[in-house]
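Peer 1: Coordinates for the following, if possible.
(one chain, ligands or ions: 1)
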Amino acid sequence: MPSESQKKRLGALTDRYHESLTEEALSYLASRAIGQDGVTGFRLGLVTDPDPMHEGYVGRLSIPFITPTGVVYMRFRCLEDHDCKDLKHGKYEGVSGDETRLYNVSALHSAMGTVGICEGELDAIVASASGVASVGVPGASAFKRHWYRLFDDFETVYIFGDGDSAGRKFSSELSSNIRGARALPMPAGHDVSSFVQEFGAEAFRQLLME
Ligand SMILES: [Zn+2]
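Peer 2: Numbering: from 1, shown residues only. The predicted structure follows:
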């Protein structure tokens, strides 16, 4: 775990980046079905005046990993309209050397017998705002085996994989390793955000009934 002073520093940066959000960044988030409640609740931000350790992330969306003990990690999403592969950087990046973490672990404490697992942080925000408190795995292949036991005590664990081949693999792997898991892969070409953006949160909740 990061030290108290690291958490304090990340907490202060979370506030600084959150206050730097621009209309452009907010409209990007709105296009991903994340409204003001999600932006504020999850303390999303924009890196404009970076801490020295975040200098490579100017212009990126900051996604703090907030736990009951403070901010333990931060990831940054590229907001440029290009294929990040062409520029040889990841769409999502975190400071190298930091341990990969599960996003929105508070879902594990707030949920009543039910929790969701999404691919990616932004999908976890959208699923949570749409009625299923959800954690986010930072990347389809980033799940760590020791995370499985976090879901032991839940009656139902929804797995919201993307509607692509990596997402289907994610869904089937997690559902075969988690008791009480129910795979609810998104329709082809969709992730949770695009699904809710196109069809609405009510349609997302309807998926749970099927
Ligand atoms: Zn990029």
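
Peer 1: Can you list the neighbours in contact with the least confident helix or strand in the chain by mean pLDDT?
Peer 2: In the chain, no helix or strand scores lower on mean pLDDT, DSSP states H and E than helix 107-110, which sits at a mean of 87. Helix 107-110 has contacts (Cβ atoms under 8 Å, 6 or more residues apart in numbering) with Pro68, Val115, Gly116, Ala124, Ser128, Ala133, Ser134, Val135, Leu150. For glycine as for every other residue, the C-beta is placed from the backbone atoms N, C-alpha and C.

Peer 1: Can you name the element that comes right after that helix?
Peer 2: Once the chain leaves helix 107-110, the next helix or strand it forms, by DSSP states H and E, is strand 114-119.

Peer 1: residues from this protein in reach of the ion?
Peer 2: Cys78, Glu80, Cys84 (Cβ under 5 Å from the ion).

Peer 1: Any idea which of those the model trusts least?
Peer 2: Of all these, Glu80 carries the smallest pLDDT score, 93.

Peer 1: show me the contacts for the residue positioned nearest the centre of the chain.
Peer 2: The centre of the chain sits closest to Glu121, judged by Cα atoms, centre = their mean, with a distance of 0.8 Å. Each residue near Glu121 by Cβ under 8 Å, 6+ apart is listed here: Ile63, Arg75, Arg77, Tyr92, Tyr103, Asn104, Gly136, Pro138.

Peer 1: backbone phi and psi for the fifth one, please?
Peer 2: It refers to Tyr103. For Tyr103, the backbone dihedrals are phi -90, psi 140 (criterion: degrees, to the nearest 10).

Peer 1: separation between it and Leu122?
Peer 2: From Tyr103 across to Leu122, the span is 9 Å (Cβ to Cβ, to the nearest Å).

Peer 1: Just give me the neighbour total for Ala30.
Peer 2: Other residues lying near Ala30 total 14 when counted by other Cβ atoms under 10 Å.

Peer 1: ok, now Thr67?
Peer 2: Counted with other Cβ under 10 Å, residues neighbouring Thr67 total 17.

Peer 1: returning to that earlier point: anything in contact with each of Tyr103 and Leu122?
Peer 2: Joint contacts of Tyr103 and Leu122 (Cβ under 8 Å, 6+ apart) are Ile63, Gly136.

Peer 1: Tell me where the protein has helices.
Peer 2: Using DSSP state H, the helices found in the chain span residues 4-19, 23-31, 36-41, 107-110, 121-129, 165-177, 192-199, 201-209.
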